[in-house]
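Colleague: Following is a predicted model, sequence given first.
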Amino acid sequence: MEFKAGTATVQLIKGDLTDQEVDAIVNAANSTLLGGGGVDGAIHSKGGSKILEECKQLRAKEWPDGLPTGNAVITTGGSLRAKHVIHVVGPIWRGGLYEESKLLRRAYWNSLKLAVANGLKTVAFPSISTGAYGYPTAEASKVAVGAVRDFLVKEDSLEMVRFVLFSEKDLEIYQKAAQDLF
Ligand code: AR6
């Protein structure tokens, strides 16, 4: 499924984020930047140790206390097909009354801002926060698709943003959000 937002295309597919051949894939990281499970674990295991080395440098030089929720940093893509990895920390779901949607929107927004600042044109996202961090996928999909649409309408240097959903069910949920929002 594909939509237009401003001059860019938004794609929704079922697949593996670590296989994407784009300027940057976005990692649903944690504030340590030192890896974990889920998509984070998959990126580090497939991308090799170079990504982790760069993350350690970023921790030492810029974020000694860890990357705050909603913030993003960029590394190279190591041995991945993607040229770069943008590491962002999504919010942990705590019931919905703790600014989770604002923080999730900020995570998507700051990832795209960093992509633009680095001259990138194509970006692929996973469903941030809906795995280990427990954010309900239906709620998260509206925030994610809405944030990407709003950003692209405002900023025309990006060419394509792709949501890569790991299951058919998640793809259907994101497609529904996109149909409602576009
Ligand atoms: N490609 C696309 N999506 C994937 C892949 C993949 N290869 N692998 C998993 N997903 P999660 P979070 C989906 O838990 O909720 C980590 O330990 C998965 O099915 O990866 O933001 C970090 O280090 C789900 O839909 O991220 C943090 O500690 C989505 O990606 C914490 O988990 C996000 O699930 C972050 O939790």
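Modeller: Sure, I can see it. Residues are numbered from 1 along each chain as shown.
Colleague: State the pLDDT value of residue 155.
Modeller: pLDDT, residue 155: 94.
Colleague: how about the strands in this structure?
Modeller: 2-5, 8-14, 24-29, 72-76, 84-89, 122-125, 160-165 (DSSP state E).
Colleague: For the ligand, find the nearest of those.
Modeller: strand 24-29 (3.4 Å; CB to the nearest ligand atom). Backbone N, C-alpha and C define where each C-beta goes, glycine included.
Colleague: Alongside the ligand, which residues does the protein contribute?
Modeller: Listed as neighbours of the ligand in the chain under the rule CB under 6 Å from any ligand atom: 16-18, 28-30, 36-40, 42, 90, 126-133, 164, 166, 170.
Colleague: So among those, which ones count as buried?
Modeller: Among those, those classed as buried by 16 or more other CB atoms under 10 Å are 17-18, 28-30, 36, 38-40, 42, 90, 126-131, 133, 164, 166, 170.
Colleague: Among those, name the ones in helices.
Modeller: 38, 39, 40, 42, 170 (DSSP state H).
Colleague: tell me which of those residues is nearest to the ligand?
Modeller: residue 38 (2.2 Å).
Colleague: show me the contacts for the closest one.
Modeller: For residue 38, the contacting residues are 28, 131, 132, by CB atoms under 8 Å, 6 or more residues apart in numbering.
Colleague: Can you check the pLDDT for residue 96?
Modeller: 97.
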